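K.L.:
Curious how this folds, go ahead:
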Amino acid sequence: MAKEPTFDVETSSGNVFADLGLPDSGERQLRTKLAVRLNALIADEGLTQAVTAQRLGISQPHVSELKNYKLTRFSSERLLHYITLFNRDVEIFIRPCATPLTKRPPRRPSAGLVSVWAAA
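P.N.:
Numbers count the residues shown, from 1 in each chain. Have a look, this model is predicted:
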């Protein structure tokens with residue numbers, strides 16, 4: 001019988017950008033989560049890219065970048081502003097870290113985390 005291949009599996013830190021060793025991994029993850037929510041709001045309203053561009057005050061090609069998660073031109077603050085343009089409130093809570101320092105991934109031993117929660 002042929003031996004089945006084995007694979008090494010590494011547990012994710014919860015941030016794919018950090019796992020890939022990319023700089024500013026926390027900011028990249030935050031922008032992606034905000035863009036996911038923003039794209040869901042756009043889809044829920046059935047808006048075209050042209051109408052979305054008008055609402056956000058940006059060009060249609062920039063909406064295309066947003067819809068395709070090419071987010072280098074969008075700061076997290078800008079994405080938060082766009083979400084408010086869809087009649088949504090954004091609240092930011094600052095609290096102590098829920099995960100003890102000893103249980104955090106080694107890449108970010110002393111940094112807190114940013115989470116995005118979305119309600120309907």
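
K.L.:
give me the number of residues near the closest residue to Leu80 other than its chain neighbours?
P.N.:
Leaving aside its sequence neighbours, Leu80 sits nearest to Val90 (Cβ to Cβ, 6 or more residues apart in numbering; 5.1 Å). (Each C-beta comes from the backbone N, C-alpha and C, glycine too.) Look at Val90: counted by other Cβ atoms under 10 Å, it has 12 neighbours.

K.L.:
With Leu47 instead?
P.N.:
Using other Cβ under 10 Å, Leu47 is surrounded by 17 other residues.

K.L.:
repeat for Lys3
P.N.:
The burial count for Lys3: 5, using other Cβ under 10 Å.

K.L.:
max-length helix in this structure?
P.N.:
In the chain, assigned by DSSP state H, the helix with the most residues is helix 25-45.

K.L.:
For that helix, buried residues please.
P.N.:
By neighbour count with 16 or more other Cβ atoms under 10 Å, helix 25-45 contains the buried residues 25-26, 28-35, 37-39, 41-42.

K.L.:
and if you look at stretch 71-87?
P.N.:
In stretch 71-87, counting by 16+ other Cβ under 10 Å, buried: Leu71, Phe74, Ser76, Arg78, Leu79, Leu80, Tyr82, Ile83, Phe86.

K.L.:
Kindly reformat the residues you listed as CSV containing secondary structure.
P.N.:
Shown next, in CSV, are the buried residues of stretch 71-87 (DSSP: H, G, I helix; E, B strand; the rest coil):
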residue, secondary structure
Leu71, coil
Phe74, coil
Ser76, helix
Arg78, helix
Leu79, helix
Leu80, helix
Tyr82, helix
Ile83, helix
Phe86, coil
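
K.L.:
Among those, find me the one that's closest to Ala98.
P.N.:
Ala98 has its nearest neighbour among the buried residues of stretch 71-87 in Ser76, at 20.7 Å by Cβ to Cβ.
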